[in-house]
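Asker: what follows is a protein structure lacking sequence information:
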């Protein structure tokens, strides 16, 4: 009697699949994933990896303000990328700022995905008046620039809660960014749901009395998640840039939080006086994060497209 063959586990099936093969044979995707992973690791272990705590007032020395990077004549090895006008270490500030930017971006993308996918499923599967109302709301949302709408929502939230705690300020910012990002998910899922609801397996589920909610959750949703994954990856970079823009304008994260946008705004006052490193390094970090995420999204879009296989 022969031994039963054990089916491969999920990890083995993934490693043997087309997606992993495409990733390992695409140098751009490998480099982008390495950069993104490094940013995530640094953000997760900032308290351990950062050489200084740039926002601990007890450790700041005004005598060390505006020091250039270590490789310049007046630079010091203790401040590898130099310091700002208050003596804060730029390298440590970048680590803390990246953590906040990534957390706000990820949270807003998750909220946008949940909201957009839910409305897209309802619109595409139910159709009729439900579809018409949701699509008209999408049209209205698309008529506003994303930055302007996020700025408006963030401003209203701050006016309603002027003495809000930092946690509530973050929540208002995340909601403001999410309000501008759910429309692409809704439109993409709606198109997929309209196709799936006409297929035989959905018709069969209806005939045997399966509830519409169960059909949407168990049958339609898994078949429309491909475009959602691509959109989420691309929208992450957009969310991080919107957060940086709002923080640069002074209406993003609280002033005591070292967001990349806040760091760029601080350095902007000294850009033309010779202290270029205060602005250039946070800007380069922001570009690096957004570029790596966008490159990953481009690869994922091509890898999940059956026409390109």
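Answerer: Alright, I've got the coordinates. In this text, all values refer to a predicted model and were calculated from it rather than measured experimentally.
Asker: got the contact list for residue 121?
Answerer: The neighbours of residue 121, taking CB atoms under 8 Å, 6 or more residues apart in numbering as the test, are 189, 190, 193, 216, 220, 221, 224. In this view, the C-beta of every residue, glycine as well, is placed from N, C-alpha and C.
Asker: select from these the one having the most neighbours.
Answerer: Within the contacts of residue 121, most neighbours by other CB atoms under 10 Å means residue 189, with 28 neighbours.
Asker: ok, that one touching residue 125?
Answerer: No: shown here, residue 189 and residue 125 do not form a contact pair, counting by CB atoms under 8 Å, at 9.6 Å.
Asker: which ones are touching the residue sitting nearest the centre point of the chain?
Answerer: The residue lying closest to the centre of the chain (CA atoms, centre = their mean) is residue 236, at 2.6 Å. Counting by CB under 8 Å, 6+ apart, residue 236 makes contact with 105, 106, 109, 293, 297.
Asker: so the first one touches residue 247, yeah?
Answerer: No: between residue 105 and residue 247 no contact is recorded; they are 11.8 Å apart, counting by CB under 8 Å.
Asker: and of the contacts of residue 121, the nearest to residue 289?
Answerer: residue 189 (26.7 Å; CB to CB).
Asker: please name the residues that touch the closest one.
Answerer: 116, 117, 120, 121, 124, 224, 227, 228 are the contacts of residue 189 under CB under 8 Å, 6+ apart.
Asker: buried ones from the residues you listed, can you make that a ChimeraX selection?
Answerer: Per 16 or more other CB atoms under 10 Å, the buried members of those correspond to this ChimeraX selection:
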select :116,117,120,121,124,224,227,228
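Asker: can I get the contacts of residue 189 in JSON lines with distance to residue 140 and secondary structure?
Answerer: Listed next are the contacts of residue 189 as JSON lines, based on distance: CB to CB, whole Å; DSSP: H, G, I helix; E, B strand; the rest coil:
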{"residue": "116", "distance to residue 140": "15", "secondary structure": "helix"}
{"residue": "117", "distance to residue 140": "19", "secondary structure": "helix"}
{"residue": "120", "distance to residue 140": "16", "secondary structure": "helix"}
{"residue": "121", "distance to residue 140": "20", "secondary structure": "helix"}
{"residue": "124", "distance to residue 140": "19", "secondary structure": "helix"}
{"residue": "224", "distance to residue 140": "24", "secondary structure": "coil"}
{"residue": "227", "distance to residue 140": "23", "secondary structure": "helix"}
{"residue": "228", "distance to residue 140": "22", "secondary structure": "helix"}
